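Novice: Here's a sequence, model it:
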Amino acid sequence: MSAPDGARAVRDEDAFDVPAVDSWLRQHTDLPPGLPEVKQFSGGASNLTYLLRYGEQDLILRRPPAGTKAKGAHDMGREYRIQASLKPVFRYVPSMVALCNDPAVIGSDFYVMERVVGTIPGHHALGLDLTPEQTRQLGFTLIDTLAELHAVDANAAGLSDLGRGAGYVERQVSGWSDRYRRAKTWNVPSYERVMAWLAANQPADVRTCVIHNDFRLDNVVLAPDDPLEVVGVLDWELATLGDPLMDLGSALAYWVQADDDWAFRRFRLQPSDVPGMPTRDEIVGYYAERSGLKADNWAFYEVFGLFRLAVIAQQIYYRYHHKQTRNPRFKNFWLPVNLLERRCRKIIRQA
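Specialist: Take a look at the predicted model:
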């Protein structure tokens, strides 16, 4: 069995005690004899993700990064609980194996889950032989999946306490603004005009539901025998109870399309600009029809999504800037933070 795309040798700074994990894991599940082959997935920039290969059996381990972390971030227990609770009612969630909250094992909490087998689209290409018509169908299937998540009964899933309920929009605007100010470095803009506009133009919550908060192409798994079928949704670190239009706005911040300017396309993180993919406007219209929700104040959700993405990039860059990580991938994260500020201000001027 070949390693999944994106699985590489473990970086020195991200290595952990493999025998200790193996010994702990055997207390919770049956495994073939011998230590696992360990690879690290290079795509993520927040929690660290590893492949544990026991012969023909693949497991996935998730753990926090080193260095300063935003308050409440990288909560392994929370991420584990969300997926364990959602699995019976949302079929795309991976099956959980076990959670470890004993720091004596590797120095931090971590959890292990089963690997969802299939294709994860890459940053620059889908990695699939699709016609433009099929690609367009895939784009709308992704939005169907997001709308299906938003229709989950949080109470039935045992997740009624996952978020703080009403007032989500206001909390997000103030919370992400605070995070940006704390993570600011000398080489990025202040974002004060953007934050002030968001604070002055925020709508009321449209409703409260389970939201993913990091929904994008490279966080979905497509069926190995049918690339138009979603079989997995990954990376539930930021999931909560919140406003579904805020979730859509955050998802579309990553949705770089073919007619965007060259600078914005340079930093795209998913192949949303390949021939056939629906545009952001088409997706907003489709989601509104699919969910029954109106998106009359879309400029707000679009600006918020871009601002939030900038804060995430800046928090990661802050760790590199202060030498809390040496990962060279993060060296130039300050550049998209500048680019996203200009894009936010352009949308604000046109609103």
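
Novice: shouldn't N338 be in contact with V188?
Specialist: Yes: here N338 reaches V188: they are 6.1 Å apart, a contact under CB atoms under 8 Å. Every residue, glycine included, has its C-beta placed from N, CA and C.

Novice: which one of these two has more residues nearby?
Specialist: Between N338 and V188, V188 has the larger neighbour count (other CB atoms under 10 Å), namely 23 against 13.

Novice: what's the nearest residue to the more buried one if we skip its chain neighbours?
Specialist: Closest residue to V188 apart from its sequence neighbours, by CB to CB, 6 or more residues apart in numbering: V337 at 4.5 Å.

Novice: Can you list the residue ranges for helices in this protein?
Specialist: Remark: helices assigned in the chain by DSSP state H are 18-25, 76-86, 103-106, 132-150, 168-183, 192-201, 244-252, 262-266, 280-291, 298-321, 334-350.

Novice: Of those, which is nearest Q40?
Specialist: Closest approach to Q40 among the helices of the chain is made by helix 18-25 (12.0 Å; CB to CB).

Novice: what packs against the closest one?
Specialist: When contacts are defined as 3 or more CB pairs under 8 Å, 6 or more residues apart in numbering; DSSP states H and E, helix 18-25 sits against strand 96-100, helix 103-106.

Novice: Which positions in the first one come out as buried?
Specialist: Pointing back at strand 96-100 there. Neighbour-count burial for strand 96-100, counted by 16 or more other CB atoms under 10 Å, picks out 96-97, 99-100.

Novice: Break this structure down into its domains, please.
Specialist: Here the domain parsing of the chain from automatic domain parsing is 7-114, 132-350.

Novice: Highest mean neighbour count out of these?
Specialist: Highest mean neighbour count among those (mean count of other CB atoms under 10 Å): domain 132-350, with a mean of 18.

Novice: Can you add mean pLDDT and give the helices of the chain back as TSV?
Specialist: Converted to TSV, the helices of the chain look like this (pLDDT from 0 to 100):
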stretch	mean pLDDT
helix 18-25	97
helix 76-86	96
helix 103-106	94
helix 132-150	97
helix 168-183	98
helix 192-201	98
helix 244-252	98
helix 262-266	89
helix 280-291	97
helix 298-321	96
helix 334-350	97
